[in-house]
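J.: I would like to see how this sequence folds:
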Amino acid sequence: MTDAVTLLAAASDQQGPGNVLRIVLLVSILGAGGLAWLLLRGYRSNGGDAAAAEPDGGASRGASPDAEGAVKD
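T.: Next comes the predicted model:
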């Protein structure tokens, strides 16, 4: 019994890529999920035509009417 405990204690002292590899895999999976979320949230459609879904009728944010192609008389 003491030999088994000694062998287990010696084996647990050996350092290897086990914990580091787990952390790298976990961070990469979470990072890939976060990147996919950031990229895909910009491609959501808000129930049809994107221009019609905007409150100002499709005008770009911060753009003047001249930039939208409106003709002044």
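J.: Go through the protein and flag its longest helix.
T.: Assignment by DSSP state H gives helix 18-41 as the longest helix of the chain.
J.: For that one, list every residue counted as buried.
T.: Residues of helix 18-41 include none that count as buried (16 or more other Cβ atoms under 10 Å). Placement of C-beta: from N, CA and C, glycine included.
J.: Rounded mean pLDDT for it, please.
T.: Throughout helix 18-41, pLDDT has a mean value of 93.
J.: can you list contacts of that helix?
T.: Helix 18-41 has contacts (Cβ atoms under 8 Å, 6 or more residues apart in numbering) with no other residue.
J.: Only alpha carbons, please: show it as CSV.
T.: Taking Å, rounded to 0.1, in the frame of the first residue of the first chain, the C-alpha atoms of helix 18-41 are listed here in CSV:
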residue,chain,number,x,y,z
GLY,A,18,-1.8,18.6,-19.1
ASN,A,19,-3.0,21.6,-17.2
VAL,A,20,-1.5,24.1,-19.6
LEU,A,21,-3.0,22.3,-22.6
ARG,A,22,-6.5,22.3,-20.9
ILE,A,23,-6.2,26.0,-20.3
VAL,A,24,-5.1,26.8,-23.8
LEU,A,25,-7.9,24.7,-25.3
LEU,A,26,-10.5,26.3,-23.0
VAL,A,27,-9.4,29.8,-23.8
SER,A,28,-9.2,29.1,-27.5
ILE,A,29,-12.7,27.6,-27.5
LEU,A,30,-14.1,30.6,-25.6
GLY,A,31,-12.3,33.0,-27.8
ALA,A,32,-13.6,31.3,-31.0
GLY,A,33,-17.1,31.5,-29.6
GLY,A,34,-16.7,35.2,-28.7
LEU,A,35,-15.3,36.0,-32.1
ALA,A,36,-18.1,34.2,-33.8
TRP,A,37,-20.6,36.1,-31.7
LEU,A,38,-19.0,39.4,-32.5
LEU,A,39,-18.9,38.7,-36.2
LEU,A,40,-22.4,37.1,-36.5
ARG,A,41,-24.2,39.8,-34.5
